[in-house]
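Using only what follows, build the 3D model:
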Amino acid sequence: MIERSAWRNWSGLESARPTRVEEPADTAAVVAAVARARSDGTTLKMVGTGHSFTSISAPEHTMLRPGRMTGIVSVDREAMTVTALAGTRLGDLNAGLETLGLSLHNMGDIDEQTLAGATSTGTHGTGGTWASLSAQVAGFELVTGTGEVLRANAEENPDVLDLGRVGLGALGVLTTITFRVEPAFVLEANETPMGWDEALGGFDERVARHHHVDTYWFPHTDRLMVKTNDRLDVSVEEAEPLSRLRGWWDDEFLSNTVFGAANHVTNRFPGTIRRFNQLSSRLLSARSYSDLAHRVFVSPRTVVFREMEYAVPREAGLAALTEARAAIEASHLNITFPVEIRVTPADDVPLSTSTGRASTYLAFHTHRDADHLEYFALLEPIMRAHDGRPHWGKVHTRTAGDLAPAYPRFEEFVALRDRLDPDRVFTNAYLRRVLGD
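The predicted structure is shown next:
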């Protein structure tokens, strides 16, 4: 057992002080830890890198660290799947896939999460055939609350695979995850500043024409940045990436170092924020480049923030965004971070926020030193009024009573939880809130 230590998530919003800390090296060690917790009548959580903004992985008694359960385990080129240990960081999986000439189909713009954490919370990108990492899962292995090592794939326990791809950490400790992959491919990114009317007026046509579209609106301005990513039928050698200097200047120095420093100043003098946004949004410039998919999807994020994100039905997306803008501008709030707008196809993952419907995702951020509570409280009722579903790993106030009607197969998932974790070895305050006791 490792010396007891505190746990804190990346944003600093959530913390815990577990009684026991372990770092298992294999599945057998996880089984032993689960058996001990069950016998003692205590609880256990495997934490990731803490990139969830909620307390979804917060340990109440025993904390397992994933650091010794990392790496790619196997590659099946006939089935086009790759299996990795669940504690592997997404960025490390991407690097490993690159050496194999393979790639995930889609991903979000952060790759610091563990595979278990990213899939369990429904982490997603935008566009594509599948937007979320969970929809690309072909199988997994987990240790249940009774200590059973259960494999779930198309042949073994397909019901567990079906329901457990977004499992919230409530069904067991994931030990391996198998992803569908494809040959490595090149994406061309085009980033274009636009005015509000142009961006929203061409939104649907733009989404239909491009493989992936990611849009950012800068509060208190009429300006947006639109990023389109499209597959190119070229080899990796033919790609035209940003120069190392340009990449550092744009994505690390300006977007992180300068932006972070500006937030520290404007947080002390909030009356300057609106003017700062208006000036900085006018400095946005277009750029184009192409590179391997994961290098285009992912951007460095070193400025610490808090986030709420809701998925509303695709057809309600622009109306919800417009209402959110009106509410922000009518309030006294001064918001430095852009609002991110993404779209996803429907998927069949029961607890995915895109289950059964194409969705528009609206993500609202604040700097870690700014008050996020009033901002999120202002906008959450608007998202709920449009039948929005909150991202499981981002700030929200929803409970099991009002989440159950939002998910047609919610009760099926709860029944599977009863079967796999009857003694609630994996519960914590967050899961009691969103799933019930």
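
Straight-line length of stretch 76-89, end to end?
One end of stretch 76-89 to the other measures 20 Å (C-alpha to C-alpha, to the nearest Å).

Check which residues of it are buried.
Within stretch 76-89, the residues scored as buried using 16 or more other C-beta atoms under 10 Å are 81-89. Bear in mind the C-beta positions are built from the backbone N, C-alpha and C, glycine included.

give the contact list for residue 64.
With contacts defined as C-beta atoms under 8 Å, 6 or more residues apart in numbering, the neighbours of residue 64 are 21-24, 30, 33, 44-47, 173.

out of the buried residues of stretch 76-89, who's nearest residue 398?
residue 86 (26.3 Å; C-beta to C-beta).

Was I right to think the closest one contacts residue 179?
No - under the criterion of C-beta atoms under 8 Å, residue 86 makes no contact with residue 179, lying 11.3 Å away.

Spell out which helix or strand contains residue 291, please.
Per DSSP states H and E, residue 291 falls inside strand 287-292.

what's next to that strand, contact-wise?
Around strand 287-292, the neighbours that count as contacts under C-beta under 8 Å, 6+ apart are 98, 103, 184-191, 232, 234, 236, 239-242, 246, 250, 296.

now the protein, which segments are flagged as low pLDDT?
Where the chain drops to pLDDT under 70, the residues are 1-4, 245, 248-250, 253-254, 256-261, 263-265.

again, only using 90
Residue ranges of the chain with pLDDT under 90: 1-6, 236, 241-286, 299-303, 369, 437.

can you pull the contacts of the spatially most central residue of it?
The centre of the chain sits closest to residue 123, judged by C-alpha atoms, centre = their mean, with a distance of 3.0 Å. Shown in contact with residue 123 (C-beta under 8 Å, 6+ apart): 107-108, 113, 117, 132-134, 393.

can you check residue 343 too?
Per C-beta under 8 Å, 6+ apart, neighbours of residue 343: 126-127, 207, 213, 314, 317, 358-361.

Tell me how far the helix or strand harbouring it lies from the chain's centre.
Assigned by DSSP H and E, residue 343 falls within strand 339-344. Put simply, strand 339-344 sits 12 Å off its chain's centre (C-alpha atoms, centre = their mean, to the nearest Å).

mind checking how far the next helix or strand along the chain from that strand is from the chain centre?
Under the assignment DSSP H and E, the closest C-terminal helix or strand after strand 339-344 is strand 359-367. On the basis of C-alpha atoms, centre = their mean, strand 359-367 sits 11 Å off its chain's mean C-alpha point.

from the contacts of residue 343, which is closest to residue 380?
residue 361 (14.3 Å).

Run through the residues that contact residue 98.
So residue 98 contacts 184, 292, 294 (C-beta under 8 Å, 6+ apart).

Nearest to residue 16 among those residues?
residue 294 (31.7 Å).
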